[in-house]
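Q: Mind looking at a prediction? Sequence and model below.
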Amino acid sequence: MIEQRPLCTLGTTRSSLVEATHHFSFAGYMSEKRDGWGEMRVLNHATIPPRGELKPQPIDGFDIVTVVRKGVLEIIGAGRAHRVTAGEVDVVSSSACAELGRHNPGGLPAEYIEIRFRAPVMEQARRMLRRAAAFPNRDNCGCWAPLATGFTEDGVAPSLRSSARVLGAKLITHGSINHKLPHHHNAYVVLLSGSVAVNGFVINAGDGVAIANETCITIETLTAGEIILVETI
C-alpha cells in the first residue's frame, strides 16, 4: 500500500512564533486518518523567524529528531541550550517532566524538520540525552545515511529508544536508490527538495508518502534533491 500525501493536503500552523506544516495531527491540526505512523507521532516542517522563540514545552515519552535545513537553531532543554546549524541533525531523548524549546538566534529564518517517536520515559535522574549526526552532502550522494536508529545493526548512528530508524539521502538527477523493508515494518517518505518517483508514484518537494505492506522501496530521481525515509514498526 502506497498513499501519496501532497503538500497541499497537509495541516498548517501559522503564528508570529512559527510557521509549520504537519504530516500528522499536531498542535491545531487534528485528523483521525493521520494520527501518526507506527512509532512515529509527529513529522513537521517548521520555520522560526529571526530572534523568534518557542518556549519550552513538556516532551515526556518522546525521542525527538531535528534536522536543520537553513539557518541556526538553538535547542533548549534541561536548563541548557545548544546550537544546531544547517546540515546538522540533533537527537534528544526526554526524561520524566522534561521540557524542550527552540530559539532562532540568527538574523535569517531557521528552517527545520521535526520528527517525534513514542518512547519509554527515562528515569528523571537520567535527565535528557542528546546526540548528533550530519545530513548527507555532495560527497556521499546516492546512498542512505542513518540519522537516528533504534536498531543495533545500524552501527554508530545516534540511538533511538523506539523501534524505528531515520535515513537521509542526497539524490542526483536520474539516479535511483532502494530500501528493503522487513516483514511488519512500514515506512514514511518525505521529500525535502527535488522530485522523485517512489515505486512509480511521483512526488515533489514537501510531499509525503505513507508505505505499508511493501517489501522494497525504489526511489528514482527525476530532479536532484534531498529525502528522508522513516522506517517504523
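A: Great, that's in hand.
Q: CA atoms for contacts and neighbours, from now on please.
A: Fine.
Q: And stretch 154-168, end to end?
A: For stretch 154-168, the first-to-last residue distance is 13 Å (C-alpha to C-alpha, to the nearest Å).
Q: And the biggest strand by length in the chain, what does it pack against?
A: Longest among the strand segments of the chain by residue count, using DSSP state E, is strand 216-232. Under the contact criterion of 3 or more C-alpha pairs under 8 Å, 6 or more residues apart in numbering; DSSP states H and E, strand 216-232 touches strand 164-171, strand 176-180, strand 186-198.
Q: Please work out which of the ones you listed is packed deepest.
A: Comparing the helices and strands packed on strand 216-232 by mean neighbour count (mean count of other C-alpha atoms under 10 Å), strand 164-171 comes out on top with a mean of 24.
Q: Strand partners (parallel or antiparallel) of it?
A: Applying DSSP bridges, strand 164-171 is found paired with strand 145-149 (antiparallel), strand 216-232 (antiparallel).
Q: Pipe those into TSV and attach distance to residue 14 and mean pLDDT per row.
A: TSV is the format used below for the strands paired with strand 164-171 (distance: least, C-alpha to C-alpha, whole Å; pLDDT from 0 to 100):
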stretch	distance to residue 14	mean pLDDT
strand 145-149	28	95
strand 216-232	24	98
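Q: So which of those is the most surrounded?
A: Highest mean neighbour count among the strands paired with strand 164-171 (mean count of other C-alpha under 10 Å): strand 145-149, with a mean of 25.
Q: How about residues contacting it?
A: The contact list for strand 145-149 (C-alpha atoms under 8 Å, 6 or more residues apart in numbering) reads 65, 89, 91, 133-136, 154, 157-160, 163-169.
Q: The residue nearest the centre of the chain: what secondary structure?
A: Nearest to the mean C-alpha position of the chain, counting by C-alpha atoms, centre = their mean, stands residue 115 at 3.8 Å. What DSSP: H, G, I helix; E, B strand; the rest coil gives for residue 115 is strand.
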